[in-house]
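>>> make a model of this:
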Amino acid sequence: MDWKSRRISALLEAALLEDKVANDITTELTVDPGLRATATIVAKEPCVLAGIGCISAFLALYGKLKPSGRFEVISHPEIFDGVRVRKGQSIAVIRANAAAILSTERVILNLMQRMSGIATLTNQFVRAVAAAKSKAKILDTRKTIPGLRALDKYAVCCGGGINHRLDLQDGILIKNNHISLGGGLPAVLERALAGRKPGQIVQVETRSPVELAQAIAGHADSILLDNMTPKEVKKAVLLIRRSLPKATVETSGNMNLKTVAAYAKTGVDFISVGALTHSATAVDLSMRITADLT
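Numbers count the residues shown, from 1 in each chain. Now for the predicted structure:
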């Protein structure tokens with residue numbers, strides 16, 4: 001993750017402006033503006049870490065909004081995005097102007113808690129599939145918080161998952177509404193295959209044996225089996241492997257940690273899980289701040 005990129009910097013700056021960090025009236029009235037402090041971010045539960053780079057990025061942007069002098073963020077070499085941390089483990093130490101720390105505390109924790117929550121949940125799915133002795137890969141979806149997709153999808157990677165489409169121009173995925181509005185699966189698949197650019201893969205979402213047969217007959221590059229039972233998916237995989245040996249197979253639909261192993265054992269290549277980004281629970285992180293009196 002390039003935390004200094006224009007896109008990410010704009011996103012982080014918007015978060016700071018939303019919280020009006022340069023006008024933190026409580027800190028202005030209660031804390032010496034020249035006081036320096038040390039803050040330690042601590043994991044209050046086991047989790048997979050994601051977003052540690054936002055700490056320095058937020059503090060640098062705060063300094064542009066309200067000059068606050070130098071700062072440093074220190075973490076042990078074993079602490080990095082994607083690592084599993086234990087309860088009570090120190091994630092990073094910040095040394096900076098006390099007001100800068102107090103004013104950015106909430107945005108730093110909010111983002112790291114969300115990103116680490118996504119990474120942790122993703123890792124749980126990845127581990128469940130591995131325990132099932134399957135080579136299936138866990139994919140995310142576009143079910144992300146508007147404006148936060150780049151960070152949500154980066155967090156998925158930190159947890160061991162793989163990004164699916166980043167946006168609507170990133171791949172061709174024919175879904176049920178395209179099929180309904182475009183004149184049926186055979187028609188829309190034919191147009192997509194004819195109009196695609198070199199190297200583009202055409203994936204089709206199928207929800208029934210009829211649609212599956214149509215996707216196979218139309219020579220789709222990839223077939224998404226949506227809202228099917230593990231038994232139905234396994235049967236469909238065998239049919240696809242015989243008819244389109246080069247096609248990749250994905251399954252999706254209300255996937256959870258109790259069912260994912262059964263789907264992984266069906267022989268699919270990918271399992272997409274919307275819950276990774278739309279239902280992940282933020283992990284519990286805290287920031288302990290003490291004044292530097294020396």
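>>> three-state assignment of the residue nearest to G51 when sequence neighbours are not counted?
Spatial nearest neighbour of G51, chain neighbours left out: M115 (3.7 Å); criterion: Cβ to Cβ, 6 or more residues apart in numbering. C-beta coordinates here come from the backbone N, C-alpha and C atoms, glycine included. Secondary structure assignment for M115 (DSSP: H, G, I helix; E, B strand; the rest coil): helix.
>>> wait, M115 touches K153, no?
No. Contact criterion Cβ atoms under 8 Å: M115 and K153 do not qualify, at 10.3 Å.
>>> more neighbours: which of those two?
More crowded of M115 and K153, by other Cβ atoms under 10 Å: M115, with 29 against 23.
>>> report the buried residues of the helix or strand hosting Y62.
In this structure, Y62 sits in helix 54-65 according to DSSP states H and E. Neighbour-count burial for helix 54-65, counted by 16 or more other Cβ atoms under 10 Å, picks out C54, I55, S56, A57, F58, L59, L61, Y62, G63, L65.
>>> who are the neighbours in contact with P209?
If you count contacts by Cβ atoms under 8 Å, 6 or more residues apart in numbering, P209 has none.
>>> local confidence estimate at it?
P209 carries a pLDDT value of 96.
>>> for it, give its distance to A220.
Counting by Cβ to Cβ, to the nearest Å, the gap from P209 to A220 is 15 Å.
>>> please apply the same query to S134.
23 Å.
>>> who's more crowded, these two?
Neighbour totals were compared for S134 and A220, and A220 leads with 27 against 19 (other Cβ under 10 Å).
>>> on the three-state scheme, the nearest residue to the more buried one once chain neighbours are set aside is what?
Sequence neighbours aside, V204 is the residue nearest to A220 in space, at 4.4 Å (criterion: Cβ to Cβ, 6+ apart). Three-state assignment for V204 (three-state DSSP): strand.
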